[in-house]
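>>> build me a model from this:
(one chain, ligands or ions: 1)
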Amino acid sequence: MDKSVIVAIDGPAGSGKSTITKIVAEKLKLLYIDTGAMYRAITLAVIQHNLKTSDTVSVIKLAKNSTIGLKRIKGGSLQVILNNKDVTEDIRTQDVNARVSDIAKIGEIRKIMVSQQRQLGKNGGVVLEGRDIGTVVFPDAKFKFFLDATVSERAKRRFLEVKDKYNVTYEEIEQSVKNRDKIDSERDIGPLKKADDAISIDTTNMKIEEVVNTILNYISK
Ligand code: DC
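Residues are numbered from 1 along each chain as shown. Model prediction:
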């Protein structure tokens, strides 16, 4: 495997991106970068500072003054660090879910995040997951994949993931997935969109290892 390779994996919430990207990176011995975690960390900072999403001037200032770190831990997962504090769990709450798409819609926030993501991946050897990796962050990535699944399947996966941690119903999760889909795909800058040259994979009826193998087969060809 070429150690300067860039693999882009995009898709909506619950498409299986995180689980699959982590395994693909592990198998190929490449660095895993979860760009959604970066938008989530900024959103958490906004919540901690009691800022309104509409107060874009303060939100942008806060993002410029925040540092986000992604550190690989045992099992290939990432520890997310915001201003030297471990926020790995805190960025996955319903509060963050409800606001992250509106924060990620702000053009200046995207500029800051995209520039940090390009910096992290500039030497290659990375697998990045997100919404705009193949279209905006690394349009020249050697391998691009777009994962998708039906809304009900994606909501079901998210519900199973969080039901023991948070007091939420399936209906609430489905609504939150639909809201994020809408905001993420309708925004003007870097919308959730398949790159023309990305390989589409519908994961609705696929097992994790089937998706992983499909991706690895394309890459090894
Ligand atoms: O992948 P995720 O669910 O953790 O992403 C959280 C949010 O971050 C998602 O609703 C949209 C935003 N996001 C984005 O706009 N661009 C990316 N490259 C990654 C995530």
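
>>> and the residue sitting nearest the centre point of the chain, what element?
For the chain, the residue sitting closest to the mean C-alpha position, by Cα atoms, centre = their mean, is G36 at 2.9 Å. Secondary structure from DSSP states H and E places G36 in helix 35-48.

>>> how far off centre is that helix?
11 Å (Cα atoms, centre = their mean, to the nearest Å).

>>> how about the very next helix or strand once past that helix: buried residues?
Using DSSP H and E, the next helix or strand after helix 35-48 towards the C-terminus is helix 56-64. Buried positions in helix 56-64, judged by neighbour count with 16 or more other Cβ atoms under 10 Å: 56, 59-60, 62-63. Any C-beta I mention is one placed from the backbone N, CA and C, and that applies to glycine too.

>>> V212 contacts K17, correct?
No. With contact defined as Cβ atoms under 8 Å, V212 does not count as touching K17 (11.8 Å).

>>> more neighbours: which of these two?
When V212 and K17 are compared for neighbours, K17 comes out ahead with 24 against 20, by other Cβ atoms under 10 Å.

>>> identify the residues contacting that one.
K17 is in contact with 9-11, 129, 147, counting by Cβ atoms under 8 Å, 6 or more residues apart in numbering.

>>> excluding its backbone neighbours, what's nearest it?
Nearest non-adjacent residue to K17, counting by Cβ to Cβ, 6 or more residues apart in numbering: E129, 4.6 Å away.

>>> sorry, back to before: average pLDDT for the helix holding G36?
Averaged over helix 35-48, pLDDT sits at 98.

>>> which elements pack onto it?
Applying 3 or more Cβ pairs under 8 Å, 6 or more residues apart in numbering; DSSP states H and E, we find helix 35-48 packed against helix 56-64, strand 68-72, strand 78-82, helix 94-104, helix 107-121, strand 126-130.

>>> try it again with 10 Å
If you count contacts as 3 or more Cβ pairs under 10 Å, 6 or more residues apart in numbering; DSSP states H and E, helix 35-48 packs onto helix 17-28, helix 56-64, strand 68-72, strand 78-82, strand 85-86, helix 94-104, helix 107-121, strand 126-130.

>>> quick check: buried residues in it?
Under the neighbour-count criterion of 16+ other Cβ under 10 Å, helix 35-48 has 35-47 buried.

>>> and K85, bridged to which residues?
L82 (DSSP bridges).

>>> burial count for it?
The tally of other residues near K85 (other Cβ under 10 Å) stands at 12.

>>> how about T169?
A count of nearby residues for T169, using other Cβ under 10 Å, gives 10.

>>> for the ligand, see how far away it is.
For T169, the distance to the ligand equals 19 Å [Cβ to the nearest ligand atom, to the nearest Å].

>>> hmm, K163 and that residue touching each other?
Yes. The criterion here is Cβ atoms under 10 Å, and T169 meets it with K163 at 8.9 Å.

>>> now, which of the buried residues of helix 56-64 sits nearest the ligand?
Using Cβ to the nearest ligand atom, A63 is the member of those that lies nearest the ligand, at 13.2 Å.
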